[in-house]
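Chemist: next input, structure requested:
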Amino acid sequence: MIDRFLPGLDGKMEDPVDFTCMTVSMPGDLDPFERHGRFAIHLDAELRLAGLGCCSGGGTLYTHVDFDAEDPTEGADAATILDIDATDVERARALLRLHLPELGAPAGTLVQYGPHEDRFDGEGWQLHEPRGDLQQE
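Modeler: Got it, this is the predicted structure:
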């Protein structure tokens, strides 16, 4: 049955060759299966169907890790990361800003690209801000 919908989609299933790396960063440490099921597969499908790239992976980023502790990540700050390979950064940003809240992205979610990021405060987006992780102290 689904085979009748697949003709013409082969090209959209190919990973892009010419792309710009972007990152979606969400506060908290999601289980990899939850990250994939709640966010990655949906964003990947939307990006591919729109011809804007793909979601190429993800992981967890820890900061303030105590490597001398028995459990080094206890008390550490964690962020769930999604890697985006975008063929059109501006249009990919717009797509991500539309779908991330629909998928339940929490306040504090960042769409990072180059030296800038879009920040979700739970109600709306602050656009094209300087990236906080690149700020000089």
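Chemist: spit out the contact partners of the closest residue to Thr63 other than its chain neighbours.
Modeler: Excluding its sequence neighbours, the residue lying closest to Thr63 (C-beta to C-beta, 6 or more residues apart in numbering) is Asp77, at 4.7 Å. For every residue, glycine as well, the C-beta is placed using N, CA and C. The neighbourhood of Asp77, defined by C-beta atoms under 8 Å, 6 or more residues apart in numbering, consists of 62-64.
Chemist: with Gly108 instead?
Modeler: 26-27, 119-122.
Chemist: same question for Phe39.
Modeler: When contacts are taken as C-beta under 8 Å, 6+ apart, Phe39 is in contact with 24, 26, 55, 58, 82, 100, 103, 105.
Chemist: tell me the centre residue of this structure?
Modeler: Most central in the chain under C-alpha atoms, centre = their mean is Val24, positioned 2.8 Å from the mean C-alpha point.
Chemist: picking that back up, torsion angles phi and psi at the residue nearest to Thr63?
Modeler: Torsion angles at Asp77 (phi, psi; degrees, to the nearest 10) stand at phi -90, psi 140.
Chemist: state the pLDDT value of it.
Modeler: On the pLDDT scale, Asp77 is placed at 83.
Chemist: which residues sit against the longest helix that the chain contains?
Modeler: Criterion DSSP state H: the longest helix present in the chain is helix 89-102. With contacts defined as C-beta under 8 Å, 6+ apart, helix 89-102 is touched by 20, 22, 24, 39, 42-43, 46-47, 50, 52-53, 84, 86, 109, 111, 113-114, 118, 120, 125.
Chemist: so which of these belong to helices?
Modeler: Short answer: the contacts of helix 89-102 in helices (DSSP H) are 42-43, 46-47.
Chemist: turn the contacts of Asp77 into JSON lines, columns for distance to Asp31.
Modeler: Converted to JSON lines, the contacts of Asp77 look like this (distance: C-beta to C-beta, whole Å):
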{"residue": "Tyr62", "distance to Asp31": "15"}
{"residue": "Thr63", "distance to Asp31": "19"}
{"residue": "His64", "distance to Asp31": "21"}
